[in-house]
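Colleague: Generate coordinates for the sequence data below:
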Amino acid sequence: MNRIKQLFQEKTNNILNVYFTAGFPKIDDTTVILKALQDGGADLVEIGMPYSDPVADGETIQQSNQVALDNGISVKLLFEQLAGIRESGITVPVLLMGYVNPVIQFGVENFCQKCQEVGVDGLILPDMPASVYEEEYKAIFDKYGILNTFLITPQTADERIRHIDNISDGFIYMVSSASTTGAKSGISTDQEAYFARVNAMNLKNPRLIGFGISDNETFKKAASQAAGAIIGSAFIKLIGQSVDLASDIKAFVSSVKNS
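Modeller: The predicted structure is shown next:
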């Protein structure tokens, strides 16, 4: 069974998904960070594939993308870094998050095949239209057992949310607000109304809330409205300043989940 599906079958709440950018802060940190996140208790790990124009991301993740690209990271090198992670004891589900153009350049079937080979479980490609996925790529994703995760926002119509739920098989990425990524303070009443609206739809897929989750307070509040939450920018800031990645990452995950 796909590790993402297995996770959501075994655990229904307080799921923590942590995002980091491959090749940041140093080009060889990818597997070090992945292992530290697993050891610290992250339930799911989302690895960003650096791109020159990450339009959905705020300043912190944009800067990490540029550093990683300057370091020399590429999709090919990322797959080389991930080769052997499962044999080395990494059991946590892993997603790759990025933009569709590099995937198309790599070749969608080649990309999905490499994901299967190295043990990647799913993809998040925010700029890939659902119709394109359905018509052109879903059969390829299914062939290699790779789950595709779609994003919804407060502006997403109910009809589209139900359609995304219908073609998804894993979880739905519930963007907390119509903005770019980045740590924000608190969750507004408008956001709570949006969470309540989607909860009332009784979707078949669980949801994780992302954008603006940064600490135990925002994680707990988001997790009370969905199966869990996604932290990105706050974690990128931490590793960008860290002098001891393994120790600092474990402490960060613990502070988010257990404070």
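
Colleague: what's the next secondary structure element after the lowest-mean-pLDDT helix or strand in the chain?
Modeller: Least confident helix or strand, the chain: helix 189-199 with a mean of 87, by mean pLDDT, DSSP states H and E. Where DSSP states H and E defines the elements, the next helix or strand beyond helix 189-199 is strand 207-210.

Colleague: Could you pull out the buried residues of that next one?
Modeller: For strand 207-210, burial by neighbour count (16 or more other CB atoms under 10 Å) applies to R207, L208, I209, G210. Where C-beta positions appear, they are placed from N, C-alpha and C, glycine not excepted.

Colleague: Distance of the second one relative to P154?
Modeller: Spelled out, it's L208. Using CB to CB, to the nearest Å, L208 is found at 16 Å from P154.

Colleague: same thing with the last one?
Modeller: The span separating G210 from P154 equals 13 Å under the rule CB to CB.

Colleague: got any residues that touch both of those two?
Modeller: V175 (CB atoms under 8 Å, 6 or more residues apart in numbering).

Colleague: Give me the below-cutoff pLDDT ranges for the stretch 1-150 of the chain.
Modeller: 53-57 (pLDDT under 70).

Colleague: Would you map the helices across it?
Modeller: Remark: helices assigned in the stretch 1-150 of the chain by DSSP state H, counting those that start in this stretch are 3-10, 30-40, 59-71, 75-82, 100-106, 108-118, 130-132, 138-143.

Colleague: List the buried residues of the longest one.
Modeller: Same thing as helix 59-71. In helix 59-71, counting by 16+ other CB under 10 Å, buried: T60, I61, Q62, Q63, S64, N65, Q66, V67, A68, L69, N71.

Colleague: Give the full set of residues in contact with the last one.
Modeller: Going back to what we said before, that points to N71. Per CB under 8 Å, 6+ apart, neighbours of N71: G23, F24, K26, I27.

Colleague: need the contact list for the first one.
Modeller: With contacts taken as CB under 8 Å, 6+ apart, G23 has the following neighbours: D29, T30, P50, V67, A68, L69, N71, G72, I73, L77, L78.

Colleague: Export those to TSV and append columns for distance to L238.
Modeller: TSV is the format used below for the contacts of G23 (distance: CB to CB, whole Å):
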residue	distance to L238
D29	13
T30	16
P50	18
V67	15
A68	16
L69	21
N71	18
G72	23
I73	19
L77	24
L78	21
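
Colleague: with the residues you listed in mind, which one is nearest to M201?
Modeller: P50 (34.5 Å; CB to CB).
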